[in-house]
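Trainee: Whatever this is, show me its structure:
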Amino acid sequence: MKYSLGIAVLLFIGGVPGVTCAQTDTSAAQRALQKLQQQQTVEFGYKRRSDFGERTVVEQFDPRQQPPWILLKENKQQPSAQRREEYSRMKQDELYGGEIAGANQGERKENEQQSIKVSLQTLVQSETLQPLQKQQWQGQSVRTFGFDPDLDKFSDHNDKLQGYLYLDSNDDRLVGLEITLKESFSPAMSVSLSRYHMEIQLQTISHGQQRYTVPQRTTEEMTGEYLYFIDFSEQTLREYYDYQVLERPAAAN
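Mentor: Modelled structure (predicted):
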């Protein structure tokens with residue numbers, strides 16, 4: 001039985017680190033999130049390698065092309081023309097969701113662009129940020145902030161989740177975040193989720209004089225029961241590389 005909730009847009013399970021008096025200021029985290037908002041003037045092209053356990057996929061995304069997603073490899077094999085066409089239709093269905101079939105081309109393109117962006121401004125409820133004890137994460141010294149996440153797939157159960165935001169301790173650069181489960185819950189009828197762990201590792205890329213923060217690696221793990229007696233355990237790993245920074249076209253009048 002495959003029960004998949006997917007990932008957006010990319011953690012440790014355990015207690016929340018203690019708050020220290022020296023780290024009561026959340027302004028650094030707020031500034032790091034605001035810098036992401038300034039990236040809305042550009043689009044990013046990239047390649048993405050996804051590992052679903054029994055299946056691996058390599059894709060390329062280019063917002064200038066139609067369709068923007070191209071299937072490059074599947075299980076290390078070159079896909080046939082028919083398979084690429086099936087994949088393209090699947091991606092279109094995912095992006096449009098059947099909700100904007102009557103929209104014009106410009107509206108479809110805008111919805112498509114928004115759907116593939118990792119919006120940490122939305123995922124992180126910035127008003128809930130709380131400074132936590134400095135610690136090591138992914139082999140580097142970081143400043144840690146707890147937050148209440150806003151994850152669409154669990155919109156009615158976000159109070160069961162705990163988020164952690166990580167800044168590089170040397171330059172306050174945003175380097176990643178995690179979301180973990182505080183307690184088990186049922187995201188859907190006959191489904192019980194006992195473990196959830198999402199991690200997004202970020203990287204900085206340069207384009208001319210500008211520097212941008214983009215995903216490098218995302219993981220999502222889920223464990224639970226389906227129909228009260230069938231166990232499921234899933235992990236999705238994605239890696240992003242070969243980035244291109246593209247100016248967004250001016251909006252039509």
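
Trainee: where does the stretch 51-200 of the chain dip in pLDDT?
Mentor: 95-119 (pLDDT under 70).

Trainee: Which residue ranges of it form helices?
Mentor: 81-96, 105-115, 120-123 (DSSP state H, counting those that start in this stretch).

Trainee: burial of residue 79, as a residue count?
Mentor: 18 (other Cβ atoms under 10 Å). Every C-beta, even on glycine, is put in place using the N, C-alpha and C of the backbone.

Trainee: show me the contacts for it.
Mentor: Residue 79 sits next to 71-73, 87 when contact means Cβ atoms under 8 Å, 6 or more residues apart in numbering.

Trainee: ditto for residue 171
Mentor: Counting by Cβ under 8 Å, 6+ apart, residue 171 makes contact with nothing.

Trainee: if I look at it, how far off is residue 192?
Mentor: Note on residue 171: its distance to residue 192, by Cβ to Cβ, to the nearest Å, is 42 Å.

Trainee: now do residue 137
Mentor: Using Cβ to Cβ, residue 137 is found at 29 Å from residue 192.

Trainee: what do you get for residue 25?
Mentor: For residue 25, the distance to residue 192 equals 39 Å [Cβ to Cβ].

Trainee: likewise residue 80?
Mentor: 40 Å.

Trainee: Residue 212 contacts residue 203, doesn't it?
Mentor: No. With contact defined as Cβ atoms under 8 Å, residue 212 does not count as touching residue 203 (9.3 Å).
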